[in-house]
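Student: only geometry, no sequence info:
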């Protein structure tokens, strides 16, 4: 991230700062990893500590159905159930001790505030438009936007469409852009597939000077607790620093291509502890005269691989629908479906878009995932003659 400043701030940090009416503003350090990680300083009209009441925690621990998975699987995202409430709509499908991921299909805007006190969040907008409102400003979002929300951010989501769908990832570690694309000063390098101009910071909004009862749902350790505060959380008159939510649209990712097939790391967009996030985007195919554009069979021995299909026709897979998740577990060879390699030869470009997450520790499968699983996926690499024999053996 780069330094950003919005609103009014004092010339010197940790010094007296008052309003034109000679009232104190209240400084807040907002950051992670103690005093070592990146941070921002926020200046509030009111003390941001005024709790009026705390409710009884609600347990939202995902229910694990498969602790140890070795089988390829596909989950039909279109069959995930929508919910009115934004938090209720989050259906976690896959998880380990580093992250959780799934889908959210909220039907209504949030009439409360929310803070994830434990995880950074990545919300990828598969479909829909709206506004992510935060205490440091607003981010209008459209289809294809990644919304990167640091832990501790207080926010609301206002929906402007009836069919909004988010791919959701919660990370127990900070979510960054790949370190190999940044120099020692943090600037993105010339060969990076994106640059700072593509990272859009929140638009500052006038602070809310309001007192009353304001509900903030706080999530920590798989519990959501209702906190009632005495002042509006969006009372920030100014802020500066490196720690803030931002958006990045997948169509601003500039794919790295070559004469022969490039491996998945060239598609990397983000990373956290023990996982990476890649963006597969519309791009030219390989241009060696004998190139095979389809990916080669490979053994991802040390990581599981999850693909979320969001736009276009993914050439390496047969019978894939938008919103599908595929899971290829570490230790099992996977590759193109029958006919995909042959179909790819001679093709010049692709219009596909997909989000890939590679966790470096095995994923567990939730009960929500099994509700929408396509059990036929595990044998979908069989040749047609072999599949016919397989079907007959099961009759």
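Tutor: Thanks, I have the structure now. The structure presented is a predicted model; accordingly, all values stated were derived computationally and were not measured. Residues are numbered from 1 along each chain as shown.
Student: got a pLDDT number for residue 32?
Tutor: Per-residue confidence (pLDDT) for residue 32: 84.
Student: Ok, residue 79 next?
Tutor: Reported pLDDT for residue 79: 96.
Student: burial of the nearest residue to it once chain neighbours are set aside, as a residue count?
Tutor: Leaving aside its sequence neighbours, residue 79 sits nearest to residue 372 (Cβ to Cβ, 6 or more residues apart in numbering; 4.3 Å). C-beta here means a position set from N, CA and C on the backbone, and glycine is covered the same way. Look at residue 372: counted by other Cβ atoms under 10 Å, it has 20 neighbours.
Student: and what of residue 375?
Tutor: Neighbour tally, residue 375, other Cβ under 10 Å: 10.
Student: how much space between it and residue 75?
Tutor: 11 Å (Cβ to Cβ, to the nearest Å).
Student: do residue 301 as well
Tutor: For residue 301 relative to residue 75 (Cβ to Cβ), the value is 23 Å.
Student: before we move on, what about residue 234?
Tutor: Where residue 75 is concerned, residue 234 sits at a distance of 36 Å (Cβ to Cβ).
Student: swap in residue 27?
Tutor: 45 Å.
Student: Comparing these two, which residue is more hemmed in?
Tutor: residue 75 (27 against 18).
Student: Report the beta-bridge partner residues of the more buried one.
Tutor: Counting by DSSP bridges, residue 75 is bridged to residue 325, residue 373.
Student: So it versus residue 320, what's the distance?
Tutor: 12 Å.
Student: so where's this structure shaky on pLDDT?
Tutor: 315-316, 318, 384-395 (pLDDT under 70).
Student: host element of the most centrally placed residue in the chain?
Tutor: Note on the chain: the residue nearest the mean C-alpha position is residue 122, at 2.4 Å, using Cα atoms, centre = their mean. Counting by DSSP states H and E, the element that carries residue 122 is strand 120-127.
Student: Test my guess that residue 55 contacts residue 225.
Tutor: Yes: under the criterion of Cβ atoms under 8 Å, residue 55 makes contact with residue 225 at 5.9 Å.
Student: residue contacts, the nearest residue to residue 105 once chain neighbours are set aside?
Tutor: Excluding the flanking residues, the one nearest residue 105 by Cβ to Cβ, 6+ apart is residue 82, at 3.8 Å. Listed by Cβ atoms under 8 Å, 6 or more residues apart in numbering, the contact set of residue 82 reads 89, 105-107.
Student: Could I get the full set of helices for the chain?
Tutor: Assigned by DSSP state H, the chain shows helices spanning 340-344, 367-371, 384-393.
Student: what residues are up against residue 273?
Tutor: 98, 171-173 are the contacts of residue 273 under Cβ under 8 Å, 6+ apart.
Student: so of those residues, which ones are in strands?
Tutor: Secondary structure assignment by DSSP state E places residue 171 of the contacts of residue 273 in strands.
Student: If you rank the contacts of residue 273 by neighbours, which is first?
Tutor: residue 171 (25 neighbours).
Student: Tell me the spacing between that one and residue 151.
Tutor: Distance from residue 171 to residue 151, by Cβ to Cβ: 9 Å.
Student: so what sits against both of the two?
Tutor: With Cβ under 8 Å, 6+ apart as the test, residue 171 and residue 151 both reach 119-121.
Student: Just give me the closest of those to residue 282.
Tutor: residue 121 (26.3 Å; Cβ to Cβ).
Student: Contacts only, for the closest one.
Tutor: 147-149, 151, 168-171.
Student: Okay, and the beta partners of it?
Tutor: Beta-bridge partners, per DSSP bridges, of residue 121: residue 149, residue 170.
Student: From residue 317, how far out is it?
Tutor: 28 Å.
Student: And for residue 251?
Tutor: 21 Å.
Student: More neighbours: which of these two?
Tutor: Between residue 251 and residue 317, counting by other Cβ under 10 Å, residue 317 is the more crowded of the two (19 against 15).
Student: Look up how far residue 34 lies from residue 183.
Tutor: Residue 183 is 25 Å from residue 34, by Cβ to Cβ.
Student: again, but for residue 63
Tutor: For residue 63, the distance to residue 34 - Cβ to Cβ - is 33 Å.
Student: Same check on residue 151?
Tutor: 13 Å.
Student: for residue 233, same thing?
Tutor: Taken as Cβ to Cβ, the span from residue 233 to residue 34 is 23 Å.
Student: Kindly report the same for residue 354.
Tutor: 36 Å.
Student: again, but for residue 195
Tutor: Where residue 34 is concerned, residue 195 sits at a distance of 30 Å (Cβ to Cβ).
Student: Could you check which of these two has the larger neighbour count?
Tutor: Between residue 195 and residue 34, counted using other Cβ under 10 Å, residue 195 has the larger neighbour count: 14 against 7.
Student: For residue 64, name its beta-bridge partners.
Tutor: Under the criterion used (DSSP bridges), residue 64 bridges to residue 366.
Student: residues contacting it?
Tutor: 95, 364-367.
Student: Can you give me the domain assignment for the chain?
Tutor: 51-63+80-236+244-249, 254-380 (the TED database).
Student: Turn the ones you listed into TSV, columns for distance to residue 13.
Tutor: Listed next are those as TSV, based on distance: least, Cβ to Cβ, whole Å:
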stretch	distance to residue 13
domain 51-63+80-236+244-249	15
domain 254-380	29
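Student: Can you mark which positions in stretch 237-254 are buried?
Tutor: Of the residues in stretch 237-254, 237-241, 243-250, 252-253 count as buried by neighbour count, 16 or more other Cβ atoms under 10 Å.
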